[in-house]
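**Student:** next come a sequence and a model predicted from it.
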Amino acid sequence: MSTFVLVPGFWLGAWAWRNVASVLRAAGHDAHPLTLTGLADRSHLATPDVGLDTHTTDIVRLIETEDLRDVVLVAHSGGGMPAAQAADRIPERIARVVYVDSGPLPDGTAQFDTLPPEEQKRLRDLIGDGHLLPPPAWEPEEDPENYVGLDTETLALLRARSTPQPVRTATDPVRVSGRQPVPTALIACTFPAEVARQMIAQGHSFFAGLAGAEVHGLPTGHWPMLGEPKRLAELLMVVAEPATA
């Protein structure tokens, strides 16, 4: 059986993985959904000092404190950045990193660096003098492709439970040494798996570090843990098999 650590993307907490974790546990696996500092049930800890290293330490400390080994580290969206750093810090404990509609950015690159200048300005205007990035309005008509699979009830849950994101987690650059690479996999949701394979082969910066990675397709929107939890859990179990064989 595999040990999964489940890292949420921006604005979410461990709660977003609840249904996925239930399926994994029912199949006999060990599942550890994680809430990162400053979000969800830990939103009271949000300060201007919370950054990418804080979230990396959250992951590392969970794994070390629980003495987890051969971990399948699953990271959704923006959770891919601290997951990549955590795997770089404790590679001996990680069997595989699985990026869900995500990918490891190159060393020295921040999430904000990947956005067009006009989008960076829009977000900075939203943040103002604060240190938190507000969650989206969760309105499907604003971004139909990303919201595929989310019904009215799930959208209401997102509006009620999502919390602002500490902005430094988006503006701090990723720092990885690459001293001991661990196996990786990508679950592509909002773009075809074949397109992802082509982008990896071309060395696209969104997928730095995924050369040789397994690529699996799960056609749906950007939040498959909420829209397709059973299918995502089943695919995670497939992806984990080579790491535990």
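**Tutor:** Received the coordinates, thanks. A quick note: this is a predicted structure, and the numbers were derived from the prediction, not measured. Numbering: from 1, shown residues only.

**Student:** all contacts plus neighbour counts: C-alpha atoms, from now on.
**Tutor:** OK.

**Student:** same for the one helix or strand residue 156 maps to, what does it pack against?
**Tutor:** Following DSSP states H and E, the helix or strand that holds residue 156 is helix 152-161. Contact analysis of helix 152-161 by 3 or more CA pairs under 8 Å, 6 or more residues apart in numbering; DSSP states H and E lists no helix or strand as a packing neighbour.

**Student:** do that again at 10 Å, thanks
**Tutor:** helix 224-227 (3 or more CA pairs under 10 Å, 6 or more residues apart in numbering; DSSP states H and E).

**Student:** contact partners of the helix it packs on?
**Tutor:** Around helix 224-227, the neighbours that count as contacts under CA atoms under 10 Å, 6 or more residues apart in numbering are 8, 15-21, 76, 100-101, 146-151, 154-155, 157-158, 187, 189-190, 218, 220-221, 230-233.

**Student:** what residues sit buried inside the very next helix or strand once past that helix?
**Tutor:** Past helix 224-227, further along toward the C-terminus, the next helix or strand under DSSP H and E is helix 229-244. By 16 or more other CA atoms under 10 Å, the buried positions in helix 229-244 come out as 229, 230, 232, 233, 236, 237, 239, 240, 243.

**Student:** go through those and name the one nearest residue 202.
**Tutor:** Looking at these and their distance to residue 202, the nearest is residue 239, at 23.3 Å (CA to CA).

**Student:** ok, that closest one - contacts?
**Tutor:** By CA under 10 Å, 6+ apart, the contact list for residue 239 reads 72, 96, 97, 98, 184, 185, 186, 187, 214, 215, 216, 233.

**Student:** go again with 8 Å.
**Tutor:** Applying CA atoms under 8 Å, 6 or more residues apart in numbering to residue 239 gives the contacts 98, 185.

**Student:** that one and residue 29: what is the separation?
**Tutor:** 13 Å (CA to CA, to the nearest Å).

**Student:** just the buried ones from the contacts of helix 224-227?
**Tutor:** When burial is judged by neighbour count using 16+ other CA under 10 Å, the buried members of the contacts of helix 224-227 are 8, 15-21, 76, 100-101, 146-150, 155, 158, 187, 189-190, 218, 220-221, 230, 232-233.

**Student:** measure residue 37 to residue 12 for me?
**Tutor:** Distance from residue 37 to residue 12, by CA to CA: 11 Å.

**Student:** is the residue most central in space within the chain in a bridge, and if so with what?
**Tutor:** Nearest to the geometric centre of the chain sits residue 76, at 2.3 Å (CA atoms, centre = their mean). Using DSSP bridges, the beta-bridge partners of residue 76 come out as residue 100.

**Student:** surely it and residue 104 touch.
**Tutor:** No - using CA atoms under 8 Å, residue 76 is not in contact with residue 104, being 11.0 Å away.

**Student:** against residue 113, how distant is residue 119?
**Tutor:** From residue 119 across to residue 113, the span is 10 Å (CA to CA).
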